[in-house]
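*Asks:* Here is a sequence together with a model predicted from it:
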Amino acid sequence: LDGDATNGLPETRFTNLKNVLLKRGTKAILVGIGGTARRQQDYNFPGADGYHAFLATELVPYLESKYRMDPKRRMLTGLSTSGNLAATALFLEAPDALVFSYFLSFEAAFWQQKDLNFELEQKMFTALAGRSLPVTMVLARCESGCNGPGVREMYDRLAGRNYKDFKLISTLFDATHVGTDVLAFDDAMAKLLP
């Protein structure tokens, strides 16, 4: 998500994440989705429903018709407002229609829709009723002046649920809000695609 965003950096988010993959020698298909100007409408609700539907029912099937992809290794990653969608996509997909297996949410701006995020997570918890949730979520945050309190609150909520087969990773970086992005992606790749 936010593939065309520069966030005040010289390169786009897509280029920055591509460079991490190249540096690590990770073989992956990286898809950068533009449209950052619409991030508030697309990554938060009510627009997030339609945007997620586009990802799940149009973009992913299109990509899989063109490239050999492993559906068990699909990742969705976002920073800040797009970090909201990277996390809440799980709540929309579970329990039965998992499109992604990895949800990488960096410095998510959960404060933008805290009550709705908690409501969606509660619906997922109720719908699962103790069944397996075979996905990994990475919640990354920075130390100060960041979205850390909201990210930590979401982590505590999810960790307290003890979802079966759910891997929850929390990472903390000594970086800025935007600076967390590349560090968190590099760290996630080391843990998830060694």
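*Replies:* Arrived safely, thanks for sending. Owing to the predicted nature of the structure, the values given are computational and were not obtained by experimental measurement.
*Asks:* Using CSV, list the CA coordinates for stretch 67-78.
*Replies:* This file holds the C-alpha atoms of stretch 67-78, laid out as CSV (Å, rounded to 0.1, in the frame of the first residue of the first chain):
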residue,chain,number,x,y,z
TYR,A,67,2.5,-14.6,-12.3
ARG,A,68,3.2,-17.8,-10.4
MET,A,69,2.5,-16.8,-6.8
ASP,A,70,2.2,-18.8,-3.6
PRO,A,71,-1.1,-17.9,-2.0
LYS,A,72,0.2,-19.1,1.4
ARG,A,73,2.9,-16.4,1.3
ARG,A,74,0.8,-13.3,0.4
MET,A,75,1.7,-10.2,2.4
LEU,A,76,-0.1,-6.9,2.8
THR,A,77,2.0,-4.1,4.2
GLY,A,78,1.2,-0.5,5.1
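*Asks:* Touching that stretch from outside, list them.
*Replies:* The contact list for stretch 67-78, computed with C-beta atoms under 8 Å, 6 or more residues apart in numbering, reads 1-2, 17, 29, 43, 55, 60, 63-64, 84-87, 89, 99-106, 108, 185, 188, 192-193. Glycine gets a C-beta too; all of them are placed from N, C-alpha and C.
*Asks:* Repeat that for stretch 20-37.
*Replies:* Contacts to stretch 20-37, defined as C-beta under 8 Å, 6+ apart, come from residues 1-5, 12-14, 17-18, 42, 59, 63, 67, 69, 182, 185-186, 189-190, 193.
*Asks:* Would you mind listing which of the contacts of stretch 67-78 are buried?
*Replies:* Buried members of the contacts of stretch 67-78, counted by 16 or more other C-beta atoms under 10 Å: 1-2, 17, 43, 55, 60, 84-87, 89, 99-106, 108, 185, 188, 192.
*Asks:* No further queries at this time; thank you.
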